[in-house]
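S.K.: would you be able to build a 3D model of this:
(one chain, ligands or ions: 1)
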Amino acid sequence: MITVIGSLNMDLVTTSPRYPKLGETVLGSDFQTIFGGKGANQAVAANRVGASVQMIGRVGEDAFGKDYLKYLSDKGISIGSVEPVTHSPTGVASITVADHDNAIIVVPGANFDVTPSVIESYEERIANSEWLLLQMEIPMESIDKAIEMAYQHGTKVVLNPAPFQPIPASWWEKITYVTPNEHEADLLVRDEQFEERFLEKLIITLGEKGVCFYQDGNKKTIAAPSVTPVDTTGAGDTFNGALVSSLDRGLSLQESCLFAVHAATLSILKFGAQTGMPTKEEVEDFLLKGGV
Ligand code: RIB
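M.R.: Got it, this is the predicted structure:
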């Protein structure tokens, strides 16, 4: 079982021919309301490739929250630990898609009601999981609590440090893998508290260049197949969900990274964070063909 503790956002996505400059108005070409949030995206990605996933999170008692719960349970993701709260709205992300890239502002809302005491109340679920997958769209003290509880129970932890904040030195010992992008990795490694021995815990996503990790003192890079992206939103989340589900299936780190890079590449061929997330069979077919 993989447990994902994290955010559920409604993504308010505007497509525009280009990004407006500060103070400028441009005419957009499309607007859509779609399910997102790094936590839920990663849970859906893992579920799509066949993993057994339970989600721990919070939504508002509003239309976005109700729609989200129905959507997740229709997908077969266990939502017994995603409770609606009355005092905060469901988290939202304002996303602009332009120039084959995206820009995102997240308003956490109910995601910040995932407090340390909420985490504590799910100790059994964390203890009974093989893997715990975390991002940073819930309070840092709750992530701290979750990592500590997982460590005490021998549950392996993958932390996707996004949106970036410096991470406490005490976390490194307790985490199995940290999955920053290039920019986040640079900030992590430059932190004066970072120790060389933790390098082998890093799995660094390189966007269109693929992924790299360190093993037996060597840096290994896995290239991503070349494609023309439709929407890169959620590519990192697809990578994380697919990575943990492959590790959970017993694949090696190298095999898991290869699978996850191909899953992430497929995900950017469709619009929306979750829409393009592939099934296990689609990724395996893609791997066999060596591209689109
Ligand atoms: O990683 C993409 C996600 O970041 C979006 O779905 C948005 O909700 C933000 O959390």
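S.K.: tell me the confidence at the residue of the stretch 1-150 of the chain found nearest the ligand?
M.R.: Proximity to the ligand, evaluated over the stretch 1-150 of the chain using C-beta to the nearest ligand atom, is greatest for residue 36 at 2.5 Å. Bear in mind the C-beta positions are built from the backbone N, C-alpha and C, glycine included. You'll see residue 36 listed with a pLDDT of 96.
S.K.: do the same with the one 10 residues further on
M.R.: With respect to pLDDT, residue 46 scores 98.
S.K.: the stretch 1-150 of the chain: strands as residue ranges?
M.R.: For the stretch 1-150 of the chain, the strands defined by DSSP state E, counting those that start in this stretch cover 2-5, 9-15, 30-36, 53-60, 78-85, 91-98, 101-107, 131-134.
S.K.: nearest to residue 232, of these?
M.R.: For the strands of the stretch 1-150 of the chain, the distance to residue 232 is smallest for strand 101-107, at 6.1 Å, taking C-beta to C-beta.
S.K.: any part of that closest one near the ligand?
M.R.: Yes: applying C-beta under 6 Å from any ligand atom, one finds strand 101-107 in contact with the ligand at 104, 106.
S.K.: still on that earlier bit, what about the residue of the stretch 1-150 of the chain closest to the ligand, neighbour count?
M.R.: 29 (other C-beta atoms under 10 Å).
S.K.: so what's it up against?
M.R.: Residue 36 sits next to 9, 10, 11, 93, 95, 233, 234, 272, 273, 274 when contact means C-beta atoms under 8 Å, 6 or more residues apart in numbering.
S.K.: any idea how far the first one lies from residue 118?
M.R.: When C-beta to C-beta, to the nearest Å is the yardstick, residue 9 and residue 118 sit 18 Å from each other.
S.K.: re the thing from before, can you add pLDDT and neighbour count and give the contacts of residue 36 back as JSON lines?
M.R.: Formatted as JSON lines, the contacts of residue 36 follow (pLDDT from 0 to 100; neighbours: other C-beta atoms under 10 Å):
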{"residue": "9", "pLDDT": "98", "neighbour count": "32"}
{"residue": "10", "pLDDT": "98", "neighbour count": "24"}
{"residue": "11", "pLDDT": "96", "neighbour count": "24"}
{"residue": "93", "pLDDT": "97", "neighbour count": "23"}
{"residue": "95", "pLDDT": "94", "neighbour count": "23"}
{"residue": "233", "pLDDT": "90", "neighbour count": "27"}
{"residue": "234", "pLDDT": "94", "neighbour count": "29"}
{"residue": "272", "pLDDT": "88", "neighbour count": "21"}
{"residue": "273", "pLDDT": "89", "neighbour count": "32"}
{"residue": "274", "pLDDT": "94", "neighbour count": "25"}
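S.K.: residue 247 falls within a strand, correct?
M.R.: No: if the criterion is DSSP: H, G, I helix; E, B strand; the rest coil, then residue 247 is helix and not within a strand.
S.K.: buried ones in stretch 253-262, by neighbour count?
M.R.: Neighbour-count burial for stretch 253-262 flags 253, 256, 257, 258, 259, 260, 261, 262 (criterion: 16 or more other C-beta atoms under 10 Å).
S.K.: can I get that stretch as CSV, trimmed to CA atoms?
M.R.: The C-alpha coordinates for stretch 253-262 follow below in CSV (Å, rounded to 0.1, in the frame of the first residue of the first chain):
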residue,chain,number,x,y,z
LEU,A,253,15.9,2.3,-8.7
GLN,A,254,17.2,2.4,-12.3
GLU,A,255,14.2,0.5,-13.6
SER,A,256,11.8,2.7,-11.6
CYS,A,257,13.3,5.9,-12.9
LEU,A,258,13.1,4.6,-16.5
PHE,A,259,9.5,3.7,-16.0
ALA,A,260,8.7,7.0,-14.3
VAL,A,261,10.4,9.1,-16.9
HIS,A,262,8.3,7.4,-19.7
